[in-house]
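1. sequence first, then the predicted structure:
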Amino acid sequence: MIQLSLVGIGSGNPDHLTLQAIRTLENADLILLPRKGTDKSELADLRRLIARDHLKTAPHIVEFDYPVRDTSTPKYLDGVNTWHDALAAIWGKLIDQHIPNDGHVALMVWGDPSLYDSTLRIAERLTAQGLAIDVNVVPGITSLQMLTAAHAIPLNTLAGSVQITTGRNLRDHGWPSDAETVAVMLDGNCSFEHLIADNLMIWWGAYVGMPQQILIHGSLADVAHQISQTRASARVENGWIMDIYLMRKCTPS
């Protein structure tokens, strides 16, 4: 049986690797390392740096090109499922090539494999392909934890409710009716611009935990345009962007 370890590596700062993550990576026979194109080469470089500078023993590393999701697919979930099928096929082929018998494979996952990440769903497809695997998850520090730490704020208010959602859901459905605090991940379109209101505060961060970290907070009505402009400029400058934000209803004074 193949042991597959999905290792959370935090949101960009190698200092945030847990001892469990390091031990798991060191004990792997094979590390699969994705390349996401030249625009996001820094992400692959960070994984290489972790393997080179933070592991006492260096497992065999195999890099692969990350397939691109077809955004023209009419139904979003159909496109995502096709994309995940392609990824699972790549993983299965590489595992069969490099450790056809029992062995230990590891993948480094941004943040935590269980929070708004599809690595676990892709791993399930390997089982459906007939590959005997035992999946092990090593939790990592999430971008949400990094965001609240960077702004020095708690995730929730006293006895207040929190909802974690995506930009797509926020744009399509608006503010969740039963939430006081909303954390938004995977928002490439600044969906907060649809929610301009005097009673909303926002704490936004890009590249949280990395040297180029950017933080903005304030009344959503006051800083929404600033965040949109800053995000666009940072994306052009770096070729890619990873950002997250938290919004909270405030009682009018």
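-> Here it is on my side, so go on.
2. where along the stretch 151-253 of the chain do the strands fall?
-> 162-166, 181-185, 200-206, 214-219, 243-249 (DSSP state E, counting those that start in this stretch).
3. and these as a markdown table, adding distance to N101?
-> Backbone N, C-alpha and C define where each C-beta goes, glycine included. Formatted as a markdown table, the strands of the stretch 151-253 of the chain follow (distance: least, CB to CB, whole Å):
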| stretch | distance to N101 |
| --- | --- |
| strand 162-166 | 40 |
| strand 181-185 | 38 |
| strand 200-206 | 43 |
| strand 214-219 | 47 |
| strand 243-249 | 41 |
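4. I'd like those strands as JSON lines, with mean pLDDT, mean neighbour count and distance to V109 appended.
-> Shown next, in JSON lines, are these (pLDDT from 0 to 100; neighbours: other CB atoms under 10 Å; distance: least, CB to CB, whole Å):
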{"stretch": "strand 162-166", "mean pLDDT": "95", "mean neighbour count": "17", "distance to V109": "17"}
{"stretch": "strand 181-185", "mean pLDDT": "96", "mean neighbour count": "22", "distance to V109": "14"}
{"stretch": "strand 200-206", "mean pLDDT": "97", "mean neighbour count": "22", "distance to V109": "20"}
{"stretch": "strand 214-219", "mean pLDDT": "97", "mean neighbour count": "16", "distance to V109": "23"}
{"stretch": "strand 243-249", "mean pLDDT": "96", "mean neighbour count": "22", "distance to V109": "16"}
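5. how about the ones you listed, which one is nearest V62?
-> Of all these, strand 181-185 sits nearest to V62, with 28.7 Å by CB to CB.
6. relative orientation of that closest one and strand 200-206 in degrees?
-> Angle, strand 181-185 to strand 200-206, by axes from the mean of the first three to the mean of the last three CA atoms, to 10 degrees: 30 degrees.
7. quickly run through the sheet partners of strand 181-185, with directions.
-> strand 162-166 (parallel), strand 243-249 (antiparallel) (DSSP bridges).
8. residues contacting it, please?
-> By CB atoms under 8 Å, 6 or more residues apart in numbering, the residues outside strand 181-185 that reach it are 116, 143-144, 147, 155-157, 160-167, 170, 175-176, 191-192, 244-249.
9. send over that strand as PDB, restricted to the C-alpha atoms.
-> Extracted C-alpha coordinates of strand 181-185, given in PDB (Å, rounded to 0.1, in the frame of the first residue of the first chain):
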ATOM      1  CA  THR A 181     -17.900  37.900  10.800                       C
ATOM      2  CA  VAL A 182     -17.200  36.600   7.300                       C
ATOM      3  CA  ALA A 183     -13.700  35.300   6.200                       C
ATOM      4  CA  VAL A 184     -13.300  35.200   2.400                       C
ATOM      5  CA  MET A 185     -10.900  33.100   0.600                       C
END
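10. quick one: residues contacting R48.
-> Counted by CB under 8 Å, 6+ apart, R48 has contacts 33, 61.
11. look up phi and psi at it.
-> Per-residue torsions, R48: phi -60, psi -40 (degrees, to the nearest 10).
12. any idea how far V105 is from it?
-> 17 Å (CB to CB, to the nearest Å).
13. do the same with A183
-> For A183, the distance to V105 - CB to CB - is 31 Å.
14. how about Q97?
-> Taken as CB to CB, the span from Q97 to V105 is 11 Å.
15. and these two? Which one has more around it.
-> V105 (24 against 10; other CB atoms under 10 Å).
16. wait, is that one part of a helix?
-> No - going by DSSP: H, G, I helix; E, B strand; the rest coil, the assignment for V105 is strand, not a helix.
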